[in-house]
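give me a 3D structure for the following:
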Amino acid sequence: MAMDGASSFPEADVDQALKPGQNKEFEVDPISSDIATSKETQQEQDEAARKRETGKAGCYA
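You can find the predicted model right below:
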(Lines give C-alpha, C1' and ligand atoms only; values in the text may rest on other atoms or scores of the structure.)
Protein backbone atom coordinates (compact mmCIF):
# COMPACT_ATOMS: atom_id res chain seq x y z
CA MET A 1 0.00 0.00 0.00
CA ALA A 2 1.67 3.24 -1.12
CA MET A 3 1.36 6.45 0.88
CA ASP A 4 1.20 9.66 -1.10
CA GLY A 5 1.43 13.21 0.27
CA ALA A 6 -2.32 13.80 0.14
CA SER A 7 -3.22 11.00 2.54
CA SER A 8 -0.44 11.42 5.11
CA PHE A 9 -0.62 13.29 8.40
CA PRO A 10 0.21 17.00 8.39
CA GLU A 11 3.63 18.08 9.58
CA ALA A 12 3.91 18.66 13.33
CA ASP A 13 5.15 21.90 14.84
CA VAL A 14 7.98 20.56 16.99
CA ASP A 15 8.49 23.76 19.00
CA GLN A 16 4.78 23.94 19.83
CA ALA A 17 4.64 20.26 20.79
CA LEU A 18 7.77 20.26 22.95
CA LYS A 19 7.40 23.75 24.44
CA PRO A 20 3.65 24.35 24.97
CA GLY A 21 4.30 27.27 27.32
CA GLN A 22 5.67 29.31 24.44
CA ASN A 23 2.54 28.81 22.34
CA LYS A 24 0.50 32.00 22.85
CA GLU A 25 -1.89 31.39 19.95
CA PHE A 26 -4.56 28.86 20.79
CA GLU A 27 -8.25 28.50 20.18
CA VAL A 28 -10.81 28.15 22.94
CA ASP A 29 -13.70 25.79 22.41
CA PRO A 30 -16.66 28.13 23.02
CA ILE A 31 -19.02 25.35 24.12
CA SER A 32 -16.60 23.94 26.70
CA SER A 33 -15.84 27.45 27.89
CA ASP A 34 -19.55 28.20 28.34
CA ILE A 35 -20.07 24.97 30.28
CA ALA A 36 -17.13 25.69 32.58
CA THR A 37 -18.35 29.25 33.16
CA SER A 38 -21.89 28.12 33.96
CA LYS A 39 -20.58 25.48 36.39
CA GLU A 40 -18.41 28.08 38.16
CA THR A 41 -21.37 30.46 38.38
CA GLN A 42 -23.60 27.69 39.77
CA GLN A 43 -20.99 26.78 42.39
CA GLU A 44 -20.70 30.43 43.46
CA GLN A 45 -24.47 30.69 43.76
CA ASP A 46 -24.62 27.47 45.79
CA GLU A 47 -21.91 28.72 48.16
CA ALA A 48 -23.69 32.05 48.60
CA ALA A 49 -26.96 30.23 49.36
CA ARG A 50 -25.21 28.03 51.94
CA LYS A 51 -23.71 31.10 53.61
CA ARG A 52 -27.13 32.73 53.76
CA GLU A 53 -28.65 29.56 55.23
CA THR A 54 -25.87 29.37 57.83
CA GLY A 55 -26.28 33.05 58.67
CA LYS A 56 -30.05 32.71 59.12
CA ALA A 57 -29.67 29.67 61.37
CA GLY A 58 -27.27 31.61 63.60
CA CYS A 59 -29.73 34.51 64.00
CA TYR A 60 -32.51 32.32 65.38
CA ALA A 61 -30.38 30.33 67.79
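
which stretches of this protein have low pLDDT?
Scanning the chain with the threshold set as pLDDT under 70 gives 1-6, 56-61.

show me where it has helices.
Under the criterion DSSP state H, the chain contains helices at 14-18, 30-60.

buried set for the last one?
For helix 30-60, the buried set under the neighbour-count rule, 16 or more other C-beta atoms under 10 Å, is empty. Any C-beta I mention is one placed from the backbone N, CA and C, and that applies to glycine too.

from the chain's centre, how far out does it sit?
19 Å (C-alpha atoms, centre = their mean, to the nearest Å).

show me what that helix is packed against.
Using 3 or more C-beta pairs under 8 Å, 6 or more residues apart in numbering; DSSP states H and E, no helix or strand is in contact with helix 30-60.

returning to that earlier point: now distance to Lys24 too, for the helices of the chain, in JSON lines please.
Converted to JSON lines, the helices of the chain look like this (distance: least, C-beta to C-beta, whole Å):
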{"stretch": "helix 14-18", "distance to Lys24": "10"}
{"stretch": "helix 30-60", "distance to Lys24": "18"}
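
nearest to Ser8, of those?
helix 14-18 (16.8 Å; C-beta to C-beta).

just how off-centre is that closest one within its chain?
Worked out by C-alpha atoms, centre = their mean, helix 14-18 lies 22 Å from the chain centre.

contacting residues around Val28?
Contacts of Val28 were listed using C-beta atoms under 8 Å, 6 or more residues apart in numbering, and none were found.

ok, now how distant is it from Ala36?
Val28 sits 10 Å away from Ala36, going by C-beta to C-beta, to the nearest Å.

same check, this time on Ser7
From Ser7 across to Ala36, the span is 36 Å (C-beta to C-beta).

Leu18 too?
From Leu18 to Ala36 the distance is 27 Å (C-beta to C-beta).
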